[in-house]
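[1] please work out how this folds:
(one chain, ligands or ions: 1)
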Amino acid sequence: MIVHDILNEATLCFAEAGIPSPRLDAEVLLAFCLDCDRLEFFKNPLRPVDEKVLALFQKLVTRRLKEEPVAYITSRKEFWSFVLEVNKSVLIPRPDTEVLVEEALGICKGITIPEIKILDIGTGSGAIALALACELPRIRVTATDISAAALAVAEKNARNLRLDSQIKFLQGNLFQPVGDFFDIIVSNPPYIADEEYDKLPGGVKNYEPREALQAGLGGLDFYRKIVNEAPAHLKHDGWLLLETGAAQSVKVISIAEASGQFDDMSVRNDYAGLPRVIKARRK
Ligand SMILES: C[S@@+](CC[C@H](N)C(=O)[O-])C[C@H]1O[C@@H](n2cnc3c(N)ncnc32)[C@H](O)[C@@H]1O
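    Next up is the predicted model:
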């Protein structure tokens, strides 16, 4: 069979099953099987595909039809300017989180000291920590996670990207393993409300780690804890940046206001126009 026909068949199959981006997923999976770039398919749609590759592709299509995310099937996900290795121990990094990276880098530009210390709470695959470290060599990140398996993925990504000298990884509950002061604290914490968890799409609920997602009744547990504990680890005038669910930003701002520890609070929208990142400066 040739690429053109294989892609059309798989796209149709995914579309009928209600997979959200059928053509893209078919292309990514076939490119993975052929170890080539997707652009190759535009250049050479008549390329023949041998039986062995086709058999592998069909296995991956079957996994995708069971809603397994493409990133877990291929063990990789693009984020910022690089490709990260991922597995089921880590949340698949989302493009929305790049807005948090942009905001943190904007703050860094105004900091003139030779070494900027950043804490990333709940680093998962290391996405945020790595994006920050790769943009500015004077950034030093401490990246924590409660999950040892997630930290193993993050550490591997740091080595692969040769950024390990800029990042220290620590396992533990939120601030518990941290004994330092930071210029910036960032986090994309779990924020799915208990009552919303069962309504998540199957691809999220059945494959991504529950501990990366679920955050108590109302989904605000981690925001309350982080807002309350962050001031003890922030330098004066240091910044706290939190990714939030689209409907949570007002509530998270209220939590920060009620703590009495922050001012200069603002919300940054993501590229879909939804509130996504809150920024607050320690008084
Ligand atoms: C929503 S994911 C974010 C992952 C990554 N920062 C990103 O943006 O793709 C939340 C992360 O917080 C971690 N986590 C959950 N509870 C935690 C806790 N009590 N202390 C530290 N990390 C925790 C999870 O293991 C997960 O990796």
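
[2] CA atoms for contacts and neighbours, from now on please.
    OK.

[3] so which bits of the stretch 51-200 of the chain are right by the ligand?
    90-93, 97, 121-125, 127-128, 144-147, 172-174, 188-190 (C-alpha under 6 Å from any ligand atom).

[4] restricted to strands, list these.
    Among those, the members falling in strands (DSSP state E) are 121, 144-145.

[5] which one of those sits closest to Leu56?
    Asp145 (34.3 Å; C-alpha to C-alpha).

[6] correct me, but the closest one touches Phe175?
    No - with contact defined as C-alpha atoms under 8 Å, Asp145 does not reach Phe175; the gap is 9.6 Å.

[7] ok, these two, which is more surrounded?
    Taking other C-alpha atoms under 10 Å, Asp145 and Phe175 do not tie; Asp145 has more neighbours (25 against 21).

[8] domain assignment for the chain?
    3-66, 89-282 (automatic domain parsing).

[9] just put those domains in JSON lines and tack on mean pLDDT.
    Below are the domains of the chain laid out as JSON lines (pLDDT from 0 to 100):
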{"stretch": "domain 3-66", "mean pLDDT": "97"}
{"stretch": "domain 89-282", "mean pLDDT": "97"}
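
[10] one step back: which of the residues of the stretch 51-200 of the chain next to the ligand count as buried?
    90-93, 97, 121-125, 127-128, 144-147, 172, 174, 188-190 (16 or more other C-alpha atoms under 10 Å).

[11] one step back: can you tell me which of the residues of the stretch 51-200 of the chain next to the ligand are in helices?
    Counted as lying in helices by DSSP state H, out of these, are 97, 127-128.

[12] want to try JSON lines for those residues, with distance to Gln214 as columns?
    Below are these laid out as JSON lines (distance: C-alpha to C-alpha, whole Å):
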{"residue": "Thr97", "distance to Gln214": "17"}
{"residue": "Ala127", "distance to Gln214": "19"}
{"residue": "Ile128", "distance to Gln214": "20"}
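
[13] Arg47: which of these is nearest?
    Ala127 (35.0 Å).

[14] run through the residues that contact the closest one.
    Shown in contact with Ala127 (C-alpha atoms under 8 Å, 6 or more residues apart in numbering): 79, 84, 93, 154.

[15] whichever of the residues you listed end up buried, select them in PyMOL.
    Command for PyMOL that selects the buried part of those, burial taken from 16+ other C-alpha under 10 Å:
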select buried, resi 79+84+93+154
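
[16] does Ile278 count as helix, strand or coil?
    strand (DSSP: H, G, I helix; E, B strand; the rest coil).

[17] excluding chain neighbours, what is closest to it?
    Of all residues not flanking Ile278 in the chain, Val267 sits nearest, at 4.5 Å (C-alpha to C-alpha, 6 or more residues apart in numbering).

[18] tell me where the stretch 101-250 of the chain has strands.
    Assigned by DSSP state E, counting those that start in this stretch, the strands in the stretch 101-250 of the chain fall at 116-121, 139-145, 167-171, 182-187, 234-243.

[19] take these and write them to TSV, including distance to Leu29.
    Below are the strands of the stretch 101-250 of the chain laid out as TSV (distance: least, C-alpha to C-alpha, whole Å):
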stretch	distance to Leu29
strand 116-121	32
strand 139-145	30
strand 167-171	32
strand 182-187	31
strand 234-243	30
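
[20] okay then, goodbye and thanks.
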